[in-house]
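K.L.:
Got a predicted structure here, sequence first:
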2 protein chains.
Amino acid sequence: MIKCHLSRVLGERKLKISDVARDTGINRGTLTRMYHETLVRIDLETISRLCEYLSISVGELLEYQKSENNL
Amino acid sequence: MIKCHLSRVLGERKLKISDVARDTGINRGTLTRMYHETLVRIDLETISRLCEYLSISVGELLEYQKSENNL
DNA sequence: TAAAAATGATCTTCTGTAGAGCAAATTAGG
DNA sequence: CCTAATTTGCTCTACAGAAGATCATTTTTA
């Protein structure tokens, strides 16, 4: 599975979802889904803007984790 | 922008798009778009299967590059 | 040289993000 | 406290693009 670290990054920096939405133009609903990891599909443009805005790499935002449970 | 390194990885390993499609179950059209970097949106499940199959991290597959030209 | 496999392109279907709106919850002031 | 403003979660519609299938062309292989 793919783990999204948006909540951790925002928490560390004390940023709110609404801050990111306002500053990046990314839809707040999309950010909410990423935050709660209910996201299924994502625009590369969204990943790009988040990496730019947060100054992180794709790997710091999205991480592959071998799933023990499912599959 | 987000750079997709699928073509490089497949090239290095001499893997064909059809190999990956067959082995991972990922739609061949989607892999073709990734290969030619015309992909716009992607399922996290697709990223997950590619990382699993190719034994690479998300960061090795997708890389953020500060765009000099556009934006 | 012929058969098989791989690839690129196109079309339809269907899922999910984008975008907007609303209500509840949290925060900030007075 | 009480109220106003901000943030957040949820829902709905519209649109975009991946999934899946098909076909023609190119490449591979036997």
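P.N.:
Good, I have the coordinates.

K.L.:
how about the strands in chain A?
P.N.:
Taking DSSP state E to define them, one finds strands in chain A at A:2-4, A:41-43, A:62-64.

K.L.:
does the second one come close to chain B?
P.N.:
Okay, so that is strand A:41-43. Yes. Remark: strand A:41-43 sits within contact range of chain B at A:41, A:42, A:43, by C-beta under 8 Å from any C-beta of the partner chain. Any C-beta I mention is one placed from the backbone N, CA and C, and that applies to glycine too.

K.L.:
Check the gap between the residue nearest to the first one when sequence neighbours are not counted and residue A:23 for me.
P.N.:
To tie it back to what came earlier, the one meant is residue A:41. Excluding its sequence neighbours, the residue lying closest to residue A:41 (C-beta to C-beta, 6 or more residues apart in numbering or on different chains) is residue B:43, at 4.8 Å. Distance from residue B:43 to residue A:23, counting by C-beta to C-beta, to the nearest Å: 27 Å.

K.L.:
and what of residue A:45?
P.N.:
15 Å.

K.L.:
quick one, which of those two is more surrounded?
P.N.:
With neighbours defined as other C-beta atoms under 10 Å in any protein chain shown, residue A:45 and residue A:23 compare such that residue A:45 has more, 14 against 11.

K.L.:
ok, now which ones touch the more buried one?
P.N.:
By C-beta atoms under 8 Å, 6 or more residues apart in numbering or on different chains, the residues touching residue A:45 are B:2, B:40.

K.L.:
count of neighbours near the residue lying closest to residue A:15 once chain neighbours are set aside?
P.N.:
Spatially, and ignoring its direct neighbours in sequence, residue A:15 is nearest to residue A:9 (7.9 Å; C-beta to C-beta, 6+ apart). Residue A:9: 16 surrounding residues under other C-beta under 10 Å.
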